[in-house]
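Q: missing the sequence, but the structure's below:
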């Protein structure tokens, strides 16, 4: 059973729960699903071959504001002394351990930062054209200067390989 399956099971109808607890469960489930869908998009976009720092917001599964709010909800739930144990009890041990880890907390924080790189497609295209115009200028740089920019331009000249293909 995966993370979302665990959350869905936790959300299943339970007449012993109060209405606020049910609403809280619904909110947490929705937030985790939004964060999961967004995480999949980020993963896909980060291996993109587009020579641009900006990413098209049309790739996002939800509006930026919805994703930001979902991330904030999950961050709050992880830090809250009342909600944290509820998450741990509601999920399988491995899934709860992942969600409650500091690494997952960092992913959420990084996800908020990356969200700002999603912009209208016209802005992405404009940025891509600028990068492509700059690439020939880099060919005129010496090896030391070129090495300083190497990491910045990863993926601009050749498709990036997935980790399992290297």
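A: Here it is on my side, so go on. This one's a predicted model, so the numbers in the text were calculated from it and none came from an experiment.
Q: contact partners for the residue nearest the centre of the chain?
A: Of all residues in the chain, the one closest to the mean position by C-alpha atoms, centre = their mean is residue 39, 3.4 Å from it. For residue 39, the contacting residues are 107, 111, by C-beta atoms under 8 Å, 6 or more residues apart in numbering. The way it works is simple: take the backbone N, C-alpha and C, and place the C-beta from them, glycine included.
Q: now do it, the pLDDT please.
A: For residue 39, the pLDDT comes out at 91.
Q: distance check, it against residue 144.
A: Residue 39 sits at a distance of 37 Å from residue 144 (criterion: C-beta to C-beta, to the nearest Å).
Q: now the helices for this structure?
A: Counting by DSSP state H, the chain has these helices, from start to end: 3-11, 19-46, 64-79, 83-90, 93-99, 102-115, 121-139, 143-149.
Q: now do stretch 89-99, average pLDDT.
A: Per-region confidence: stretch 89-99 scores 83 on mean pLDDT.
Q: again, but for stretch 144-163
A: 54.
Q: among the helices of the chain, which is nearest residue 53?
A: Judged by C-beta to C-beta, the one of these that comes nearest to residue 53 is helix 121-139, at 6.6 Å.
Q: which elements pack onto the closest one?
A: Secondary-structure packing of helix 121-139 (3 or more C-beta pairs under 8 Å, 6 or more residues apart in numbering; DSSP states H and E): strand 55-56.
Q: could you list the paired strands of the strand it packs on along with their orientation?
A: Strand pairing for strand 55-56, using DSSP bridges, gives strand 118-119 (parallel).
Q: can I get the helices of the chain in CSV with distance to residue 55?
A: CSV is the format used below for those (distance: least, C-beta to C-beta, whole Å):
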stretch, distance to residue 55
helix 3-11, 24
helix 19-46, 5
helix 64-79, 11
helix 83-90, 30
helix 93-99, 25
helix 102-115, 8
helix 121-139, 7
helix 143-149, 20
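Q: so which of those gets nearest residue 54?
A: Residue 54 lies closest to helix 121-139 among these, at 4.7 Å (C-beta to C-beta).
Q: now do the buried residues in that closest one.
A: 124, 127, 128, 131 (16 or more other C-beta atoms under 10 Å).
Q: as a whole number, average confidence for stretch 20-35?
A: Averaged across stretch 20-35, pLDDT comes to 83.
Q: chain center to that stretch: distance?
A: Centre-to-centre, stretch 20-35 and its host chain are 18 Å apart (C-alpha atoms, centre = their mean, to the nearest Å).
Q: equivalent analysis for stretch 127-138, please.
A: Its chain's average C-alpha position is 27 Å from that of stretch 127-138, according to C-alpha atoms, centre = their mean.
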